[in-house]
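K.L.:
Show me how the following folds:
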Amino acid sequence: MRYDVAAKVVIQYGKESMLRRFVGIDPEEVDLLEELPQESVSLRRSDFPLWVKLKGGEERIILVEFQTRWERDVPLRLIEYTARYKLRYHIPVDSVVVLLRRREGLEEEYRDETIRFRYRLVRVWQMRGKDVLGEKEIWLYPFVPVMRSEERDIIAAEEEIYNSRLERGIKADLLTALAIFSGFRGQEMVRELIRRRRDIMIESPAYEIIKEEGIREGLQQGMRQMLLETLEVKFETVPLRLMRQINEIQDTEALKMLHRQALKSSSIEEFQEKMRLIVE
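P.N.:
Got it, this is the predicted structure:
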């Protein structure tokens, strides 16, 4: 799913709630900064640079980077972002990584032979969905599927959004973001939310992402089936563990490469080794 789109929806409406829950600060005022001028074709930008004014009057910039999975170069990108915004605004800059999928053993510091850089790592997958629901943090309800929660918690979040007094367009956006993040739980949960609230979700621009993902999911499922059939024809028996691993692959290009390797491999062990290199 396009989780960056869902994150943008949450940031758009719930900047203050997100900063309180994820960063631990209670802002007086928050604005999403415009992208810095394009100084070169390779210039990057933070996902969401926020200008924040605290209750005591202090100003800061909070750079929020959403990551579905951990990437090795994230700290280096944060260093780049931090330096550019510090140079432009000359106020304190804090970097925050909001990590959605489980990953153990990560530190909140980058060190090498010349640099030492600290950032905040928010492990959303460790948070309890019930806590967000209990505190009525409605702007953060779309994150409930990513948190430690049960299916009934997701439905409770959906019902509270739908029955709230928010404007219909805002409800549509939040419900659509909830459905997108429910992709972490599998397509059945996404389909159930669409079945229940499609009448309002279709009013959100982000709903197009769900339709596109549905087409892509169908294509991927067909590619997985073709790959498994090729392995069965060549090697007769496909280990159950390998079948499960293939069914978890979401990358279309990886599936194409694996099908080519299945045709070339002379044993199931050779294919498994090539698959390890491709997927990792």
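
K.L.:
Give the next helix or strand downstream of the lowest-mean-pLDDT helix or strand in the chain.
P.N.:
Every helix and strand of the chain was ranked by mean pLDDT, DSSP states H and E. The lowest is helix 207-235, at a mean of 74. Counting by DSSP states H and E, the next helix or strand C-terminal to helix 207-235 is helix 240-247.

K.L.:
Residues contacting that following helix, please?
P.N.:
Applying Cβ atoms under 8 Å, 6 or more residues apart in numbering, the contact partners of helix 240-247 are 224, 227-228, 231, 258, 268, 272, 275, 279. For every residue, glycine as well, the C-beta is placed using N, CA and C.

K.L.:
what does stretch 163-178 give?
P.N.:
Stretch 163-178 has contacts (Cβ under 8 Å, 6+ apart) with 5-7, 9-10, 12-13, 138-139, 141-142, 144-145, 154, 157-158, 161-162, 193, 197, 200-204, 206-207, 209-210.

K.L.:
Quick one: end-to-end distance for stretch 65-84.
P.N.:
15 Å (Cα to Cα, to the nearest Å).

K.L.:
i'd like the first residue to be 52 from this point on
P.N.:
Sure, I'll start counting at 52 from here, so that last one is stretch 116-135.

K.L.:
how far out from the middle of the chain is that stretch?
P.N.:
14 Å (Cα atoms, centre = their mean, to the nearest Å).

K.L.:
which parts of that stretch are buried?
P.N.:
Across stretch 116-135, burial judged by 16 or more other Cβ atoms under 10 Å covers 116-118, 121, 125-126, 128-129, 132-133, 135.

K.L.:
I'd guess Met240 is in a strand, am I close?
P.N.:
No. Counting by DSSP: H, G, I helix; E, B strand; the rest coil, Met240 falls outside a strand, being helix.

K.L.:
quick revisit: just the buried residues out of the contacts of stretch 214-229, in PyMOL syntax.
P.N.:
Selection of buried members from these for PyMOL, criterion 16+ other Cβ under 10 Å:
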select buried, resi 56+57+58+60+61+64+189+190+192+193+195+196+205+208+209+212+213+244+248+251+252+255+257+258+260+261
